[in-house]
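Peer 1: Sequence and predicted structure, then a few things I'm wondering about:
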Amino acid sequence: MADAPTHARPATVGKHPCPECGADLQWNAARQALGCPYCGTIVPTPATQPATANGAASSVAGADSGASAGVVEQDLLAALREPASGRGWGQARREVQCQSCHAISVFVDGKVARRCDFCGSPSIIEHAALNDAITPQSLLPFRISESQIRDLLRNWYGSRWFAPNRLKSAALTDTLGGVYLPYWTFDAKASARWQAEAGHYYFETESYRDSNGNTQTRQVRHTRWVPAAGSLQHFFDDELVPGTAGVHPKLLRQVEPFPTLTDLKAYSPEFVRGWTVERYQIDLRQAEKLNQQAMQQEMQALCGREVPGDTYRNLQVDARYDGRTFKHILVPVWLVSYTYGSRSFQIVANGYTGAIAGEQPYSWIKITLTVLLVLALIVLFAMASK
Ligand SMILES: [Zn+2]
Ligand SMILES: [Zn+2]
């Protein structure tokens with residue numbers, strides 16, 4: 001491997017306690033540095049985390065480049081054959097499972113929440129912290145701090161026209177939780193051969209009789225079908241598959257993307273201490289299948305674009321995927337869960353970009369009043385224009 005690290009140094013974030021009081025350091029999103037939760041000391045970190053010697057991962061030269069130094073792709077087939085390559089969490093941890101939404105939360109050497117961060121339910125029970133086959137290799141540290149997210153949330157609440165008024169005052173009082181979500185990312189080199197029937201449009205003039213019995217002419221479109229074939233190469237880079245059970249997939253789609261190609265840091269317990277980490281419930285095998293389906297769909301679409309002519313039919317794509325690698329990563333989100341009436345609602349904010357998506361209750365009073373107002377305007381307008 002040409003650019004494998006030749007002399008790996010230990011990570012600088014790692015075993016260093018607070019220089020002032022000796023307590024464990026935690027990631028401080030507002031300062032973008034490690035900080036001491038007890039005495040407030042801020043410890044600057046280098047811009048990129050150096051790579052740690054990593055026996056479990058096989059480095060894939062050239063697959064990743066740039067800023068994500070120290071973040072290593074792992075061979076997918078090897079991991080599926082022999083899934084015991086975890087490096088551990090680097091610290092003692094506790095796990096709890098929510099009895100309501102079934103999300104499993106991991107707490108690395110710190111507080112254990114009393115309510116579920118995902119749905120707000122208080123019925124959480126201790127979950128056996130079995131040794132995972134695969135533990136996070138890298139993560140995207142929080143970049144949006146709690147006070148920034150409160151401002152963004154207030155604006156978001158304000159833009160919900162049809163939400164009940166109570167919702168807008170909720171931004172300051174609702175509990176807000178910072179959670180690292182589990183994701184899988186996959187790379188692959190795809191090569192496909194395709195064949196299809198390419199359709200070319202042509203027009204013919206036809207004559208017909210109109211309703212008065214006169215002969216008229218019109219242009220009619222036809223399609224001439226010709227066989228076509230070709231091949232295509234495509235590189236899939238960091239295709240994301242969420243491993244979360246706690247956040248609704250629909251909301252997650254709306255706050256993606258997470259800049260995993262450029263800004264990942266090598267995992268270190270300092271980054272997650274004091275935050276909640278969700279344990280994945282879509283495992284590597286399931287995620288790999290979802291990734292394969294998504295790539296197959298994408299290849300079908302890419303090959304469809306290659307077919308010449310105006311349209312096509314009977315497209316057959318024979319694709320193979322080589323050099324498949326994966327990473328297990330954590331990405332940051334802020335979560336608000338609240339109940340309104342008898343339903344529970346979830347709001348998700350991207351902890352890196354600040355993008356927000358959420359479920360909301362609707363105020364039927366406001367909607368009814370708006371509909372009545374619009375109807376009244378229509379009636380006025382109709383009367384005025386007589
Ligand atoms: Zn300290
Ligand atoms: Zn829950």
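Peer 2: Perfect, I can see it now. Ligands and ions are numbered 1, 2, ... in the order given.
Peer 1: And stretch 140-159, what's buried?
Peer 2: 140-145, 148-149, 152-153, 156-157 (16 or more other Cβ atoms under 10 Å). No exception for glycine: its C-beta is placed from N, CA and C like everyone else's.
Peer 1: Next step: those restricted to strands.
Peer 2: Among the buried residues of stretch 140-159, none falls in strands (DSSP state E).
Peer 1: Adding pLDDT and distance to G199, write these out as JSON lines.
Peer 2: Putting these into JSON lines (pLDDT from 0 to 100; distance: Cβ to Cβ, whole Å) gives the following:
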{"residue": "L140", "pLDDT": "94", "distance to G199": "45"}
{"residue": "P141", "pLDDT": "94", "distance to G199": "51"}
{"residue": "F142", "pLDDT": "95", "distance to G199": "52"}
{"residue": "R143", "pLDDT": "94", "distance to G199": "49"}
{"residue": "I144", "pLDDT": "94", "distance to G199": "49"}
{"residue": "S145", "pLDDT": "93", "distance to G199": "55"}
{"residue": "Q148", "pLDDT": "93", "distance to G199": "53"}
{"residue": "I149", "pLDDT": "90", "distance to G199": "51"}
{"residue": "L152", "pLDDT": "89", "distance to G199": "49"}
{"residue": "L153", "pLDDT": "86", "distance to G199": "51"}
{"residue": "W156", "pLDDT": "85", "distance to G199": "47"}
{"residue": "Y157", "pLDDT": "80", "distance to G199": "51"}
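Peer 1: what's across from the nearest residue to R279 once chain neighbours are set aside in the sheet?
Peer 2: Once flanking residues are discounted, R279 sits nearest to I104: 4.1 Å by Cβ to Cβ, 6 or more residues apart in numbering. Taking DSSP bridges as the rule, I104 bridges to Q97.
Peer 1: For I104, give me its contacts.
Peer 2: Applying Cβ atoms under 8 Å, 6 or more residues apart in numbering to I104 gives the contacts 95-98, 127, 245, 278-279, 281.
Peer 1: These into CSV, with extra columns for neighbour count?
Peer 2: Shown next, in CSV, are those (neighbours: other Cβ atoms under 10 Å):
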residue, neighbour count
E95, 16
V96, 21
Q97, 20
C98, 24
H127, 15
A245, 19
E278, 24
R279, 23
Q281, 15
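Peer 1: out of those, which one sits closest to S385?
Peer 2: A245 (57.0 Å; Cβ to Cβ).
Peer 1: Just to check, that closest one is in contact with Q281?
Peer 2: Yes: here A245 reaches Q281: they are 4.1 Å apart, a contact under Cβ atoms under 8 Å.
Peer 1: Quickly list what's touching both of the two.
Peer 2: 102-104.
Peer 1: rewinding a little: looking at the buried residues of stretch 140-159, spot the one nearest S121.
Peer 2: L153 (21.1 Å).
Peer 1: Would you check that S268 makes contact with G90?
Peer 2: Yes: using Cβ under 8 Å, S268 is in contact with G90, at 6.7 Å.
Peer 1: So between the two, which is more surrounded?
Peer 2: Using other Cβ atoms under 10 Å, the more surrounded residue of S268 and G90 is S268, with 24 against 19.
Peer 1: Up against ligand 2, what does the protein have?
Peer 2: 98, 100-101, 116, 118-119, 121 (Cβ under 5 Å from the ion).
Peer 1: 6 Å - rerun?
Peer 2: Taking Cβ under 6 Å from the ion, the part of the chain that reaches ligand 2 is made up of 98, 100-101, 103, 116, 118-119, 121.
Peer 1: Any of the residues you listed buried? List them.
Peer 2: 98, 101, 103, 116, 118-119, 121.
Peer 1: Which of these fall within strands?
Peer 2: Per DSSP E, the subset of those in strands is C98.
Peer 1: that older thread, would you mind measuring from the residue nearest to R279 to P182?
Peer 2: Between I104 and P182 the computed distance is 10 Å (Cβ to Cβ, to the nearest Å).
Peer 1: quick one: which of the buried residues of stretch 140-159 sit in helices?
Peer 2: Those of these mapping onto helices are 148-149, 152-153, 156-157, per DSSP state H.
Peer 1: Relative to the longest strand seen in the chain, what are the paired strands and their orientations?
Peer 2: Longest strand in the chain by number of residues, with DSSP E as the criterion: strand 176-209. Using DSSP bridges, the neighbouring strands of strand 176-209 in the sheet come out as strand 215-242 (antiparallel), strand 276-278 (parallel), strand 311-340 (antiparallel).
Peer 1: Find residues that contact each of I104 and P182.
Peer 2: 278-279.
Peer 1: Which residues does stretch 203-212 contact?
Peer 2: 215-222.
Peer 1: can you do 10 Å?
Peer 2: 214-222 (Cβ atoms under 10 Å, 6 or more residues apart in numbering).
Peer 1: State the distance from A33 to ligand 1.
Peer 2: 13 Å (Cβ to the ion, to the nearest Å).
Peer 1: ok now do G177, which residues does it touch?
Peer 2: So G177 contacts 105, 113, 115-118, 120, 146, 275-276, 333-337 (Cβ under 10 Å, 6+ apart).
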